[in-house]
Structure formats: structure tokens, C-alpha cells
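Asker: model this:
(4 chains, ligands or ions: 6)
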Amino acid sequence: MEKKDLVIRIAGEGGEGVISTGDFIAAACARAGQEVYTFKTFPAEIKGGYAMYQVRTSLDPLFNQGDTFDILCAFNGEAYEVNRHRLVPGTAFVYDYPAGDFEPEIPDGVIAYPIPMSQTAKDMKSYRSKNMVALGALSALFNINEKTLIEVLVDKFKSKGPENLSFNLEAFHKGKELAAALDKKDLWRVADPVPAKDVLIISGNDAVGLGAILGGIRFYSAYPITPATEIAKFVAVHIPKVMGTLIQAEDEIASISQVLGASYAGKRAMTATSGPGLSLMGEMLGMASMSETPVLVVDVQRGGPGTGMPTKHEQSDLFLAIHGSHGDAPRIVMAVEDVGDCIHMTVEALNLAEYYQCPVILLSDGSLAFSTQTVPAPKPGAIKIVERKRWDGTGEYQRYQASPDGISPMADPGTPQGMHVATGLEHGPAGAPNHSPPNHEAMHRKRFGKLKTVVDFVAPTQVDGEGQADVGIIAWGSTIGVVREAVVRLREEGIKVKGFYPKLMYPMPVVHYEAFAATCNKILVPEVNFQGQLSHFIRAETSIVPISMTICGGVPFTPIQIMNKVREIL
Amino acid sequence: MEKKDLVIRIAGEGGEGVISTGDFIAAACARAGQEVYTFKTFPAEIKGGYAMYQVRTSLDPLFNQGDTFDILCAFNGEAYEVNRHRLVPGTAFVYDYPAGDFEPEIPDGVIAYPIPMSQTAKDMKSYRSKNMVALGALSALFNINEKTLIEVLVDKFKSKGPENLSFNLEAFHKGKELAAALDKKDLWRVADPVPAKDVLIISGNDAVGLGAILGGIRFYSAYPITPATEIAKFVAVHIPKVMGTLIQAEDEIASISQVLGASYAGKRAMTATSGPGLSLMGEMLGMASMSETPVLVVDVQRGGPGTGMPTKHEQSDLFLAIHGSHGDAPRIVMAVEDVGDCIHMTVEALNLAEYYQCPVILLSDGSLAFSTQTVPAPKPGAIKIVERKRWDGTGEYQRYQASPDGISPMADPGTPQGMHVATGLEHGPAGAPNHSPPNHEAMHRKRFGKLKTVVDFVAPTQVDGEGQADVGIIAWGSTIGVVREAVVRLREEGIKVKGFYPKLMYPMPVVHYEAFAATCNKILVPEVNFQGQLSHFIRAETSIVPISMTICGGVPFTPIQIMNKVREIL
Amino acid sequence: MSIATVKKAPLKPKDYKSDVSVVWCPGCGHYGILNAIYRALSEAGVDPSQLISISGIGCSSRSPYFINSYKMHTLHGRAGAVATGAQLARPDLAILVLGGDGDGFSIGGGHMPHMARKNVDMTYVLFDNGIYGLTKGQYSPTSRPEMKAYTTPYGGPEEPMNPLLYMLTYGATYVAQAFAGKPGVCAELIKGGLEHRGFSYINIYSQCPSFNKIDTIEFYRDLVEAVPKDHDVTDLGAAINLARQSSEGRAPMGLLYKADRPTLDQRMHAMVEGVNGSPDYDLNQIIDLNRP
Amino acid sequence: MSIATVKKAPLKPKDYKSDVSVVWCPGCGHYGILNAIYRALSEAGVDPSQLISISGIGCSSRSPYFINSYKMHTLHGRAGAVATGAQLARPDLAILVLGGDGDGFSIGGGHMPHMARKNVDMTYVLFDNGIYGLTKGQYSPTSRPEMKAYTTPYGGPEEPMNPLLYMLTYGATYVAQAFAGKPGVCAELIKGGLEHRGFSYINIYSQCPSFNKIDTIEFYRDLVEAVPKDHDVTDLGAAINLARQSSEGRAPMGLLYKADRPTLDQRMHAMVEGVNGSPDYDLNQIIDLNRP
Ligand SMILES: Cc1ncc(C[n+]2csc(CCOP(=O)(O)OP(=O)(O)O)c2C)c(N)n1
Ligand SMILES: Cc1ncc(C[n+]2csc(CCOP(=O)(O)OP(=O)(O)O)c2C)c(N)n1
Ligand code: SF4
Ligand code: SF4
Ligand SMILES: [Mg+2]
Ligand SMILES: [Mg+2]
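Answerer: Ligands and ions are numbered 1, 2, ... in the order given. Have a look, this model is predicted:
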């Protein structure tokens, strides 16, 4: 078959093992040398409700969750109902039958594999083994490497005692046998194993946590909020190992305040939240701007406004991230594309905060938060930690002293003679309140001016493609991965497209935008929000007149959507 | 003399009666049929420090504080030092001498009137009469109508007992006599009285309070903050008279929450704050967007970011007002030009909130907050109150039912059968949580779509001038008044200029902007902030490429600054 | 609550059920509390159209959806502040606030003292499960340090708070406690709160079987101990002593304290009367004060 | 505070004065408190470079500018939360929080319970003048209803809070009260707070002659009453009873309560030890946990 990747979607009721089944497949594929990109949707309900886990796997790099699935495994009737309109000819459909809670109509061309999952589990007297039966069947039907799969299961269940393990393995083998008895009529199969790469398989949230630890944080404070809480969970386990402290604060205002206090005290410090929390932090972020204190806020965006759609994907906090404090309050805003970025850009964001002594907001989103992906294992030795400039102890110390690059050395409390104030009032070089017009203007120039070099500090954008193009696509956040694939596929059709992927959202690398736009006849900006937030900034800060393409249904783009739009505007 | 207006600046130490002297002159001029526009700066210090009060008065309408003063009255050495560089030939200079705390050098051409204010007060054995001596001298020197001035003093001091009054009048007359003994050598004089107009003389903050009462508020909650607190002070006195309630909340988050609760309960409700408070309200403003609950927030802007410069003027909260909540959170943002607007646009803002069921942010600023101005006395009968659409009680009630204009009737609690939920979660027509993609998109369209008609509801912009111009000036907030005068004076020089004054900041009346820009060769946008915040929105939402002109020293523009810039870019 | 909210022909508990289906986990204590609320509303004879149920965010904060009344599902921690505004705007209605320990005492903790102190006339039912349920199991201000939860893999670093002691200190005028496993007691105490004119606070222990593995239904059953028969509910000192017992593993169940103090709306009303407030007040009188 | 912050060669009170000139009104009680702080720092032997003074916004919150130390002048209400972060980051330093009644108990009131409960090692001196000074005279949570202030032209509609009772309820491990007119007492209690390892709270009445016309220096002088000699500072019940006397017009002056409980940083340190934390921890061990 031509298609190199394979997409398996498992769906059912929350709590039925949908998530663990997906995790096992993903891990087994990764151990068998495959790349993996997963995508989940959680029920909005507190318990139960529709859950979905989709594993995309390939020997080649993967950038997104895919257009749709090749294989659907439905644990119950709702799973079938939700997905039936996507059962197109050629799709393999594995489902709980007979004795499941539904009797599907099989559309023409769909290859059906009924597996009595519930019945088998019932026979084994354990409802909990249903997903193991399904896993066995999937493994047999689609060549999911049995060896690595069993290794994964052993690693997972061994701590729960030998009975537990052998029981699960038994269910797995029952599923395999049930599938082996069926006629394999489709062409879908995972490629045979190749030597495993040196990878991790990790979710976006865990990756931010890992990046934080690798980036040298020593203080983390946050308040739980979907979909950002897992970051704190990860950090809580590991930060004491590096002598750091995590505190769950009473609210987001307390978190960011604590982070500011810890940072003033000389430690690399951060918090993570989602939109509602970021809304609450605006005042203190302005204080960080004014007092020139390094702080990092990771915002895992979700559906808004208000409480909105807490478990759903959206890229709608760009306005708030850039403009969310009163007054002229400079900051750095970055956005991650994928799980690899979650690791490395968290390190980078910490470096930027420390170096530029200002708030940094790193935007992730709900779909990346829970997406597990294979990423090259980071090498601690290769990670560059940039420390804040510290006072050398000579001469008279003035905290906000003018300097050519606008950056004034800090002094850690405890340093003899370094006593100074961090203040939210407008102040002169020594920190004393100063409300004179020339001083306010000079300090504004200092605070904004120092950010001019940010664009040289990081790789602010990436360009995908060369020469002149008919359409240039500018995407940010996890939409980038969708565009990357769309660009490749459009080129295969002979369409001239290029991609432009900003990672630094603010200050905007205007020169890069203009240079890119100069090579494209039209500029398309797809994003998952209502107002076209990046388009707004492009119009405001560059000479580009982009075509804004927005969706906001709580789900990411698919490559096909982008491709269709490009063909339409060509 | 040619100049029709007169600017008197009184300066001294906070607490020396600078403010009351200014107030007396302003009131006396208004009673004598003059227009008045005052401007104050308060010390940043808690007590004492430099205070300044400037009265501009004319028989013609006034739009701003003026370029500089014609007359300086200095109570002390600091007042002289701060202002000495503005003592240009022709300026009249009244000062405490001999026996004051300073001995000024009188620049060439400056007409000096030494008045022994402190000495006279000391002779009268009351330091407190110093400003009355000054007042008497000013009245005699510059034809400040004695009759109305004495009326004002009588009204002011009569409640404090006859001794107090006669003592003050005595000091006043001493000052008069001292001045009469001097040679009047300048040409400055207030025009002789004309029949008084039907005006109020009121500060921007009081005017917002008055507008709120006239606009029918029944609930007001706020947390004190400079420079917005006087609004609450005004409302607190009067709201019980109209059966309403004012509560000082524990913080700004509580205020806006209480306002939302009161509004849901069916009452017109508002709060007022400054930048730091607005930063804290972002989350709840998003809730108001999402739940479609009318709320009004008046933001009296001050110098930012952080605590910034609390007593200083700035127009730097436009970004926050428009973009200050996570997600796509629609709202209406308006900005007042002058004290008259403070009355009428507060009424309008309440009407808009009620009609469009959304948050409205009305921007005022630190210079208007304390500027007293003569404004036509409002007529309660002429004030139009727009009520929210209320459910008529027929059929089955669905709170968020779709409707052609996007506005769904509300039902006051207590209405039989009208029970419904106001929710911050994404919801279907009946209010139940609904996270489906088409629903979220439809609800976004509803919430943003209904605002399309706002531009027809209010007078969103004003155009000053006709035909084609070389330079069109777009100004907002209190900068408008400065531009109005600059435009008149530039035209007198034969320069073709026009003015464009948006009062509705968001949704942007794009068509109006474009139509205006089509009649101008160049567009200049002066504003008092660092980033050029309105310019940003103009670039983002229109095809205009404006020339941004920003100052941010904590003080308003003067007409001359605008005129110079226009001449420069011509 | 104000007396105007009482209906002539009383409704049955089930009449207070809305048609939105309840979404909690099986075995969740919140079910018991919700049923107790239905009963209390019925027994107090509250007219659904004269009631506003208000919540923040949390599993417990979903409750208003399930109640037949006016309702607001607001933001995390803000229910009490929103309710204060609603109550002052419409003191003739009954206000019921429903929410969790995190909602009320963590992010909402800054509003609590002021509602109580000001004696805002509302009934606040706090579903105390010692955990953040909705966000899947982080420790809350009432969690015990033994609990190894989401962000506390090595146990909690802090002492739990004592909600009753807080509320007595803050000046709540009706303070009671119950346990979701005793819906009858809950209903009676909530009814008492509804009937009390002033700020009523009812703390109800509620097990979260999904995430709080140590504060089980059995744990709470052993923890609570009925308020002694001879306890004088007007004696604040005695109530404080009872509340302090919680930390010793004997949590009082019943009504601890009840006092009569003017409510905020009554004081506001007195101000209106003091200035002869009227809907027809001549606004020119206010305008004229601002003439030069 | 941690012992590392003590200097060998003690400094005089005046050595703790910064060169920023004090800006308060003549007669303001805050002067007395500031002088007491200088004395306490001197007597406790705190090294200025080992001290962080942290405040929010208010007249009182200007204090750090006047102290020779590291200092943060943060946002209204956030001093305590900022200080918590600074303390956990550098538990070897001394942390002094300075602020007003509005700053601490109105907008900052949500942070108070948690600092106290968690026993964050800092000394919190609250300048209690029953008013918002800096914003020119609005009522605060400790204002008496008699006060006709800025937004309460007809008097206040609510009962004042009782800071000491709050702090005892919250679990502060050092709770004291004094009056600005007795700088010696203030200095001694602040010194005790500095020396205490844990969350120390010192409430100091401070007249605001510019705006609070009823809580004068004489009023406070009559109000305060020394804590009885035989009061047992380890007896929480007795401390609560003393604190409750304030509402009866007898405000206790002196140390009410002192307890030993592990501080938050100590508990955090125990976690670090529990996992053998080290600055040289091999990060590969963490990375490897995330392999497929
Ligand atoms: C500003 C904000 N921060 C965080 C959250 C996430 N959040 C939702 S509910 C909740 C805690 C719920 O716990 P609790 O109030 O005890 O209610 P329970 O679910 O236990 O009934 C949190 C932290 C939010 N919705 N908004
Ligand atoms: C978010 C925010 N809201 C309001 C203010 C305005 N404000 C500054 S100080 C203050 C109150 C000061 O009172 P208090 O804390 O008692 O200190 P005092 O001046 O009496 O010493 C207020 C309301 C602010 N700075 N920031
Ligand atoms: S998570 Fe806990 S509190 Fe929430 S519904 Fe489930 S059992 Fe109840
Ligand atoms: S306003 Fe009051 S608290 Fe502030 S400095 Fe003056 S007297 Fe002191
Ligand atoms: Mg809970
Ligand atoms: Mg105070």
C-alpha cells in the first residue's frame, strides 16, 4: 500500500480503558521503531461520557493527528454513533459484537471485524479485561508488534502482581485468537519493526514539565486547571530531586505572585495555567514588566471565553497574552508547535525570562496537552542554560541603571551591598519613585528597547520551502504541524506553497514576516479561534494583508481542510 | 487683546489652598457667564508636595487646558522653580513676596506682581488665609468678577459660621488692596460678566457619577483606586435617593462579580476602576461576554504599567480594554472626550450594556478625572433610558435562543416560568452545557454578531472639517479636545486639516474610518501612550497607514505640540 | 431569606428537580446533598421562581443546573461575590450558594469573610470533600496532609483549615455542619439556613470516591458527632469550642451557632429611608448641586 | 526567621534607615511603627543584606523604601503571596512583610489564611489604622461603622473584622498586638516575631490623623490593655478569648499566642531529603522514565 502512516482510533466510554489501550499501542509502536503522534478527546462530563484516543504511527516523522482514521475500534454504541459518518470505504472497523450494546450497520466498502469484547470479558469474569481483548485483536489484525506490546504490558502490570499480569495477558491472547479466526480483508498494517530510535514518548504537558526541570527551575507554583494541571503533576514528582520547591497556591494570582517573589530571590521560577488563570494574572504580569523581574507563565489554551469548553482545543489567548495588562507592559510571547517544542521551548522561555528580565508567556494548547508523541531523547549536557546578568559587586549598585542593551544586572538577596528595591511604581535608576515625564519616557524605552534583540536570541520563525510560491501559509502553535503536512501534500499535487512558522509571537519578528511575504502571492493564516488573532497582529505590525481562515469548534485543523482552502484561493 | 481666553495657573504646596483657590476662580467665572476648563496635578506624595491648578476661561467654548498659562500665581519657591522656564515675555507673575520662602529672578518681559501673601496671613494670625490674600490680588489684577467671587465665598463659608466667613473675606479684601496698589502693566483680564448660562461646573469623575445616576443605575460596587474613587464618592451620596445600593467591595474582582450578580437580578449595575483594577476583572468580563450579562466598567486610566504613576495622565489601557480576557470575548469599548461626555456617555454606556447584554468598558483618564468644566445642565426628561429586552412571558422560555439580531430576551428572577441559567460554560439555546463544534461556532457568531449594529446605536465618531485635507488627525479620549483647538488654529494658518474623533473604540466603526481617511492625504494619530495603541487597531482593522505620534510623560498634549507635528509632516 | 419567597401551595422535593441530568460519579456524596437541598426547599416552601441558585466551578458547582430555579453558574471562586450583588439587587428573593471546598476556601477564600461579616442574606452550602473533584484530585484547603494527591506525591505540606471555625470568626450568623450520608440532617440544617435571615453557612462532608481515597464515607461517619443536646446556639464561645474539636477527630454535626444581626440589605434599606429615597426622586435636585 | 540572617557585629537602629525620605503626614502613627522596626531589626541583629522587606500598596506599604534591606514594593494585596515565594526560594533569609489593613485584609484577605496555615516563615507587621490612607480615606475592613468616610457618607454598613481572631483561627504560630504610640512594645513584639521560626503576625494600631477622625491616638490608647501577666501564650483557647475582647472595647496588647510547628520550608526540605535531592541529580534518570 502507498500510504506510509496508519491511524487507529479507539473510542468508547470514559473509564473503559480507551486511554490505556491507546497508550499501549503507542508505546509498542515506539519500541518497534515507529514515530507516534496521538490525539485524545476527553469527555466534558465528570465521569463516563465519550472518550477517544487516536494513534497515528509511521516510520517517517509525523506532524499532526491526521485527517481521519484508517481503523476504528468501537467499544460501545456511542463510539459507533459518533464516528459512523467517517466509516468510508476501505476503513477497518473493529467492534464489540456480538453481545455488545449495539448492532452497527456496516457501510459499503467498510471492512468489519466483530470481536465479542464484552462477552469474552464476561466469560473471564472481569469487565476490566475488555480492552485487553480489543488490544489483542488489534495487534493480530494490524501487525502491531506483539513482542513490544507484551513488553509494554509486562512493564505496566508487573508492579501489580503476577496474577494481574497473567490475567491481562490471557485476555490479550484471547483477543488475538478471536481476530485470527477472522478473515483479514483490509490492507492496513503497521510496518515491521526496525531498530528503535533514541526517543521518549511523552505528552505535551509532561514535556513542559520535563523542559522545566531540564531548564533548571527551582520554584514552581500553580493552581490546578484543565488542561494544564498535568504539568504540575510532573514537576511535583521531580522538582525535589533537584532541590526545588513546588507549591499549589490558593489561586492563580497567588501563583504568579509567588513566582515573582521566588524570582526576585534569585531562583528560576515559573507557573502554568490556562486562559482563566492567565486572565487573573494580568496585573502581576504588568508588575513583572515594570519591576523587570523574570517570570515564566505557560498557558495551555482551551476553549473560551469564560469557563468556555475546558477540555477542548483552541488557540484564542494570543490577544490576552500580548495585551493582557493595563498600561504599556512589554513581555515576550512564544508558542509551541509540538511535544518536542514543549521540552525545548520551555527551556528557551526560561532563558529568555532570565536574560531579558521580563515576563515570558509560552502558549501551548489543549490538543498538545494530552497528545503523546515520540521525540528524540534530550541530552542534559546539550541543554544551554542562560543565567540572568548578575551584579559583579563593584561600584555603587543601581538596580535600574541605564545600559546600552537596556539590561541592568540584578543582585540576589543576600549579596552584600546589593540591596535594592523591585518596584511596580515608575522609578529612576536606583529604584526610587520618579514620576517625571523624561524619566517615564526613558524607562519605557528601556523596557521595550531591551526586547529588540530577542529575535536574535531564539530562532523566531521557520520557513518551509524555497523560491516563489502562489500561497504562503502562516501558522502558529499546533496548527503548524497540520500545515507542514498540507504543504508537502500540496506540493505533490504540483501546487506552489510555502509555510512560515513563527515560534516567537511577540515582539513580532516583522522583518522575517515581510521577507517571507515577499516570496508569496497570497498569504493564508489558519488558526483555531474566532477573531483571527494572529491575522490581527500581522495586519497591525506588518504590511501583509493576509487571508484569515478560522475554525473554532474545539478541535484542531486537519491537513485536508488546509489543502482545500489553498486550492480555493489559488 | 486678540486672545479670547485666559489661563491662570496657581501653584504651591499641597494643602496650602491651591485647589480651593482654583475652584473659587472657576466657579466665579462660570457664574459670570464664562466657559471654564480646569486642569490639576496632584502631588505623587501622600501629603504636601507640588500641587498645581490651572483655570482656563473664555466666553467661547473651551476644549482643553491650553498650551501654557498667561498668569502664574506662585505660593512658594517650588512653584516658581517648577514653572520658571515657562515665564515668557508677557506672562503675568504673581508671587509671595516679600517674606515668602523665595526671591525670584524676573525674566525680561515678564510682568511681576509681588504680593506679601504669607506676611499678610501671618499678620492676620492665620496661615490658612494665605490663599484668600492671593485670591483677592488675582481678582483685582485680572478682573475676576468680584461680585460672583464673593457670592461663591459666601456659599462656601457660610456653613462654617459667620466668623469664618468674615475672616476669609477680610483676607480677600487685603489681597485686593495690595494688588490695587501695584501698577497693572499686562493686558490680561477676564471679560466682563455676561448673563450666566444654564451650566454645571463639575469634574470628570463627578460627571460619571452624575451620568450613572441619570442613567438609572440601581447598583454600584467598586474598590477605591486613584484616579477613579471620586466616582464612588459621588454615587454613594446620591444612589440611596433613587433607592439604589452602593457597596465598597473587598477588591475589584468582587466588585465586578457583584455587578454581574446584580445585573442578572435585573438591575442596571456598574463599577469604576483604573488600570490595575481592570487587569483584575478580565476573567469576569469574559464571563459577562459568555453569559451575555450587561455590565458597565468605567476605567479612569492612569500611568502604567504596574502601579505605574497613579496620579498621572495616560491613555494606555486600550489594548487591555479590548483584548483583556482569554478566549474570544466580545465587548463594547467607548472613550470620553470631556466632562460633558462623562455625563452623557455614561448614560449611553449603560444603555448599550443593557441593550446588547454584554460588558461595556468606558474609558476616561486621569486628566479628565479631576478637570472641572462648565457643561450644559442636563435635563432629566431629555435623557433616554434604553431597557434590556425582557421576555414577554409567552411560550417556552429559552435564554440563549437564536434571534435575527442575536439578542435574546432576558427574564428577571422572580418572573414565573422564566427560570434559566446564566453560565460561563459554552451552552446551547436553553443554557445547558453544549460543547459541540457547530454550537460553539454558532454561539460565537451570535455573541459577536449582535454587536454589528452598535455603530448605529450611538454616534460612533465625529468628523471635524469638510472636503479634502492634507492632514487628517484621528484622536481619542481627552486628546480630542486638544486636537479640536489645534485644527482651528492650523486652519487659521491656512493649513488644510480635518479631525476624526471616535467615541466608540470597539467594535471599530471601520467604514467611518475609511471614509474619513479617503478625504485626507495623511493620517496622524496622536495619543498619550508608548505603543500607539489606537494606531495599532487602525492598522489592524482598516486599510489606513497612520502616522503614530505618542508622548507618555504623564501629562496631556498641548495644541502646540499637535500643530508642530502637523506642520512637520505636511 | 426574605419571606416573600415562600410559596402558598408547597411543592414536593421532586418539583425542584430540573430536567438536566446529574453528572456525578457513582457513589459521590454530592448526590445526597442535592437531594437534601430538594427536601429543604420543599419544606421551606420556596417558590422556584423566587430563588436564585448560584455557584462557581467544581463538581459541586454543577448543582444549580439540577435545580428548578433561577441560577448562575459563574467562575471558580466567585459564587459568593456574585450572590452578594444579586442579593442586594433583589433582597426579596432567596439566594442559595452551592460549591466546593476549593471553590469556597481556596480561590474564593478572599470573599468569604466579607459576606459573613456583612451578613449578606444567603444560604451557603459548602460540599466539603477535601479534594478538587472536577480537576481530578488535587488537594484542597480541607485535605489532610496524609493525602498523596496529584500535586502532592509525597503528601501534603500543610495543615487543613477548619471551615466552621473560620465562619464563626468571620461572623456568620448561622453556622452548621452535616455529612452527606445523613441527608435528613442535611435537609433540616439547610432548611434552617434558608429560613434564617442573614448569612447562613452549612458545611457538608461529602465523599469523593473517585479521587479522595482517604476521606471515605466510613471515615466521615466516624468523624462526625452530633452537637450536644444542651449546646446553646446563641453562645459564640461554646460554638467556637465545638468547632475546634474537629481537629481532634470529633467534628460536630448540627447547628453550632445562630444570631440575629441586621443584614446588609436591611442596613442599606435604612440608608435609603434616611434620605427619603424614592423611585421618583427629582433628579434635578442632584443636578442642581453641581451648579457653579 | 532563619538563624543565618543574624549579623555578628550588631547594627544600630539608624543603620537600618535607607536614604529615601519618609513621606507620611505629620502625626501619622506609621512613623512610630517604622522606628520600632528599626529597633527590632537592630536588637534581633538582622544583617540588612540578609533581609527582604516586602509590601503591597498603601501608605504603610511605602515602608520598605525607608528600610536598608532588599525590598519589594509590589501590588495592592499581594505582599504576602510574593513573600511566600521569596521565602520558599531562600529560606535562609529573613522576610518582613509590611502593609495596611486594606492591603492585608481586604484585597489581600484571600492569601492570609494560607500563609498562616502553611506556617510560612515570615514576620508580618500590619499597620492597622482602620482606614485606607493612601486613597484618602475610605473605610477598611477594620473601620468602625460609626465612621462616615468617603464611600460611606451615611456611616458604614458592616461590622469590623477582628484581625487577631482571624490569625488565631488561621493557625498563625506567633500572634501579637500593639499600638504605634508604644514604640517600645512594638519593637519588642516585632523582634519576637523576627526571632520566631514560623508565621508571625503583629497587628499594630496606628492613627491616621488625616483621614480617620474617630480612631485617634487617644482612642487607641484607651482601647488597648496589656495582655495579663499570667496569660499562657501556648494556650490557643485563652488567646482566642483575649482576641474576642477587642470587640468589647478592650483590645489586648502583647503576645497572645506562640506555637512551634514545622514551617512550610522545613516540610519542603523534608521532601527534598526524602528523594535524596541534590543539585547534581542525574537528569537522565528523569528523562529515562519517559521512554516508551
Ligand atoms: C480561575 C480558575 N482556576 C482554576 C480552575 C479549575 N478548577 C475548576 S473546579 C476546581 C476545583 C474544584 O474543587 P472544589 O471546589 O472543591 O469542588 P469539587 O469538584 O470537589 O466538588 C478547579 C481548580 C477554574 N475553573 N478557574
Ligand atoms: C488593584 C488595586 N486596587 C486598588 C488600589 C488603590 N489603593 C492603593 S492603597 C489602597 C488602600 C490603602 O489602605 P491600607 O492598605 O489600609 O494602607 P494605609 O494607606 O492605610 O496605610 C488602595 C485601595 C491599588 N493600588 N491597586
Ligand atoms: S470526581 Fe468526586 S466530587 Fe466529582 S462527581 Fe466524582 S466522586 Fe463526586
Ligand atoms: S494619609 Fe493617614 S496613613 Fe497615610 S501618611 Fe497620612 S496620616 Fe498616615
Ligand atoms: Mg471539593
Ligand atoms: Mg490602612
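Asker: next helix or strand past the lengthiest helix in chain C?
Answerer: Identified as the longest helix of chain C according to DSSP state H is helix C:30-44. Sequence order places strand C:51-55 as the next helix or strand after helix C:30-44, per DSSP states H and E.
Asker: what comes into contact with the following helix or strand past that next one?
Answerer: Toward the C-terminus, strand C:51-55 is succeeded by strand C:70-73 as the next helix or strand (DSSP H and E). Outside strand C:70-73, the residues within contact range by CB atoms under 8 Å, 6 or more residues apart in numbering or on different chains are A:307, B:261, B:264, B:291, B:413-414, B:418-425, C:49, C:51-55, C:57, C:61-62, C:64-65, C:79, C:82, C:86, C:93. Placement of C-beta: from N, CA and C, glycine included.
Asker: repeat that with 7 Å
Answerer: Contact with strand C:70-73 is made by B:264, B:413, B:419-425, C:51-55, C:61, C:64-65, C:82, as judged by CB atoms under 7 Å, 6 or more residues apart in numbering or on different chains.
Asker: swap in stretch C:123-131?
Answerer: If you take CB under 7 Å, 6+ apart as the criterion, stretch C:123-131 is touched by C:1, C:29-30, C:33, C:37, C:60, C:80, C:96-101, C:104, C:137, C:139-140, C:142-144, C:149, C:163, C:190, C:193-194, C:200-208, C:211-212, C:215.
Asker: so of the residues you listed, which ones are in helices?
Answerer: C:H30, C:I33, C:I37, C:G80, C:D101, C:P163, C:I190, C:G193, C:L194.
Asker: for the residue in the stretch 251-400 of chain A that ligand 4 sits nearest to, give me the pLDDT.
Answerer: Closest residue of the stretch 251-400 of chain A to ligand 4, CB to the nearest ligand atom: A:M287 (22.1 Å). pLDDT for A:M287: 98.
Asker: keeping just the C-alphas, turn the host helix or strand of it into CSV.
Answerer: For A:M287, the element it lies in under DSSP H and E is helix A:275-291. The C-alpha trace of helix A:275-291 is given here as CSV (Å, rounded to 0.1, in the frame of the first residue of the first chain):
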residue,chain,number,x,y,z
GLY,A,275,-6.9,31.0,29.9
PRO,A,276,-9.0,31.8,33.0
GLY,A,277,-5.8,31.8,35.1
LEU,A,278,-3.9,34.0,32.7
SER,A,279,-6.8,36.5,32.8
LEU,A,280,-6.3,36.7,36.6
MET,A,281,-2.5,37.2,36.2
GLY,A,282,-2.6,40.4,34.1
GLU,A,283,-1.9,42.8,36.9
MET,A,284,1.1,40.9,38.3
LEU,A,285,2.5,40.4,34.8
GLY,A,286,2.5,44.2,34.5
MET,A,287,4.3,44.3,37.8
ALA,A,288,6.9,41.9,36.4
SER,A,289,7.3,44.2,33.3
MET,A,290,7.7,47.3,35.4
SER,A,291,10.0,45.8,38.0
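Asker: still on that earlier bit, widest-spaced pair of the ones in helices among the contacts of stretch C:123-131?
Answerer: Largest separation among those by CB to CB: C:D101 and C:L194, giving 21.4 Å.
Asker: what's the neighbour count on the residue of the stretch 401-550 of chain A at minimum distance from chain B?
Answerer: Residue nearest to chain B within the stretch 401-550 of chain A: A:P437 (2.5 Å; CB to the nearest CB). For A:P437, the count of nearby residues is 14 (other CB atoms under 10 Å in any protein chain shown).
Asker: isn't it right up against B:C552?
Answerer: No. A:P437 is beyond contact range of B:C552, at 8.1 Å (criterion: CB atoms under 7 Å).
Asker: can you tell me how far the nearest residue to C:K12 once chain neighbours are set aside is from ligand 3?
Answerer: Spatially, and ignoring its direct neighbours in sequence, C:K12 is nearest to C:S42 (5.9 Å; CB to CB, 6 or more residues apart in numbering or on different chains). For C:S42, the distance to ligand 3 equals 24 Å [CB to the nearest ligand atom, to the nearest Å].
Asker: can you check A:Q561 too?
Answerer: For A:Q561 relative to ligand 3 (CB to the nearest ligand atom), the value is 35 Å.
Asker: got it, and A:T374?
Answerer: Per CB to the nearest ligand atom, A:T374 is found 32 Å from ligand 3.
Asker: make sure that residue is indeed in a strand.
Answerer: Yes. Counting by DSSP: H, G, I helix; E, B strand; the rest coil, A:T374 is part of a strand.
Asker: give the contact list for it.
Answerer: A:A30, A:E35, A:V36, A:V199, A:I201.
Asker: partners of it in the sheet?
Answerer: Using DSSP bridges, the beta-bridge partners of A:T374 come out as A:I201.
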